[in-house]
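In: structure for this input, please:
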Amino acid sequence: MSRTIIDRVKTRLADAATTISDDLLQDLIDDAEGEVLARTSQPALNPALERVVVGLVVISVNRLGTEGIASEGYSGVSTAYLDDLSPNLKSIIYANTRLGSWGDSDEST
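Out: Here you go, the predicted structure:
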């Protein structure tokens, strides 16, 4: 049986010190799904794109409170943040991107 996206995200965040509500997780999932579908021009998520959504949500949770910061340093400790998708998530998106019209809608009218 296939697990839901929210269950998969919770599994990946199980050891994290951050406690996050189901409502916020669902909001982040909805945002990630919209972003993935917009980038790929797909009408729905396939299993590969679901993996991208899970990855984006984990990145989003880890970035909560640091939005807009590229890097920071203090007391000799420096932290840099991703400003885009990781290469493996990008490759999944590129492999699932549809260019142009695929006949999903009747554009002749």
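
In: dead centre of this protein: give me the residue that sits there.
Out: Residue closest to the mean C-alpha point of the chain, counted by CA atoms, centre = their mean, is Leu56 at 2.1 Å.

In: for that one, give me its contacts.
Out: For Leu56, the contact set (CB atoms under 8 Å, 6 or more residues apart in numbering) comprises 32, 35-36, 85, 89. C-beta here means a position set from N, CA and C on the backbone, and glycine is covered the same way.

In: contact partners for the closest residue to Asn96 other than its chain neighbours?
Out: Once flanking residues are discounted, Asn96 sits nearest to Thr40: 5.0 Å by CB to CB, 6 or more residues apart in numbering. Residues near Thr40 by CB under 8 Å, 6+ apart: 49, 93, 96-98.

In: just Ala80 next, same as before
Out: Here Ala80 is in contact with 70-71 (CB under 8 Å, 6+ apart).

In: next one: Val57
Out: Val57 neighbours (CB under 8 Å, 6+ apart): 5, 9, 25, 28-29, 32.

In: please redo it, this time with the cut-off set to 10 Å
Out: By CB atoms under 10 Å, 6 or more residues apart in numbering, Val57 lies in contact with 5-6, 8-10, 12-13, 20, 25-33.
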